[in-house]
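**Student:** Sequence first, then the predicted structure, then my questions.
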Amino acid sequence: MSAIKIGVAGPVGSGKTSIIEELAKMLRNSFKIAIVTNDIYTQEDANYLKSRLDIPSEMIIGVETGGCPHTAIRDDISMNKKACEEIERKFAPKIIFVESGGDNLSTTFSYELVDFYMYVIDVAQGGDIPRKKGAGLAFCDLLVVNKTDLAQFVDVDLNLMLQDVKNARQSKPFVFVSKKEPNSLLQIKEWIEALI
């Protein structure tokens, strides 16, 4: 059986790599996990995850896109598809996380590359992001509002942001999380487990 592929997109600094790190730690005892990261000119995120996770380093591949991050996950997915196929052939993981390079609110994944994708925004980037909408935020399978612990320091009203998220997402799922509150991340873990 082929792996379930879960995309993780969002602006630079929203916490994509950190969320993947925490999810991999939560899920690795139940599922074989692999990760494909995207950076324009480096393998920075892949190397970070290799140093932090108890996963064979060969199961974490860094793709250097050389250009616009969303192109490699939506328009020309060949590099990422090849990386996923290589991991599946060699290791047969149950879950492959595919992390986009940081991009803008219009970023979406091709469903020829992933089965589902989450879009990560963070409170510190502004409480008005849900009102700005954008394809990534509107159409993702799960919206993750990250770093809720920072709201008090950046003058963001979480109740207002919650209402804006509800308006932007209609009936689609979303979660508010913080790495400082590890139990909040269980919402994402449970969402993933329901997909398998």
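**Tutor:** That came in fine, so what should we check first?
**Student:** Quick check: the residue in the chain sticking out farthest from the centre vs residue 22, distance?
**Tutor:** No residue in the chain sits farther from the centre than residue 155, which is 25.3 Å out by C-alpha atoms, centre = their mean. Taking C-beta to C-beta, to the nearest Å as the measure, residue 155 and residue 22 are separated by 27 Å. Where C-beta positions appear, they are placed from N, C-alpha and C, glycine not excepted.
**Student:** With residue 51 instead?
**Tutor:** When residue 51 is compared with residue 22 (using C-beta to C-beta), they lie 15 Å apart.
**Student:** neighbour-wise, which of those two wins?
**Tutor:** residue 22 (17 against 9; other C-beta atoms under 10 Å).
**Student:** shaky segments in the protein?
**Tutor:** For the chain, applying pLDDT under 70 flags the ranges 1.
**Student:** which residues in it form strands?
**Tutor:** With strands called from DSSP state E, the chain shows them at 4-9, 33-39, 60-64, 95-99, 116-122, 142-146, 174-176.
**Student:** mind putting those strands in JSON lines, mean neighbour count included?
**Tutor:** Formatted as JSON lines, the strands of the chain follow (neighbours: other C-beta atoms under 10 Å):
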{"stretch": "strand 4-9", "mean neighbour count": "25"}
{"stretch": "strand 33-39", "mean neighbour count": "26"}
{"stretch": "strand 60-64", "mean neighbour count": "21"}
{"stretch": "strand 95-99", "mean neighbour count": "27"}
{"stretch": "strand 116-122", "mean neighbour count": "25"}
{"stretch": "strand 142-146", "mean neighbour count": "24"}
{"stretch": "strand 174-176", "mean neighbour count": "19"}
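**Student:** contacting residues for the closest residue to residue 139 other than its chain neighbours?
**Tutor:** Closest residue in space to residue 139, ignoring its immediate chain neighbours: residue 108 at 5.9 Å, by C-beta to C-beta, 6 or more residues apart in numbering. Residue 108 makes contacts with 9, 70, 74, 117, 135, 136, 139, 140, as judged by C-beta atoms under 8 Å, 6 or more residues apart in numbering.
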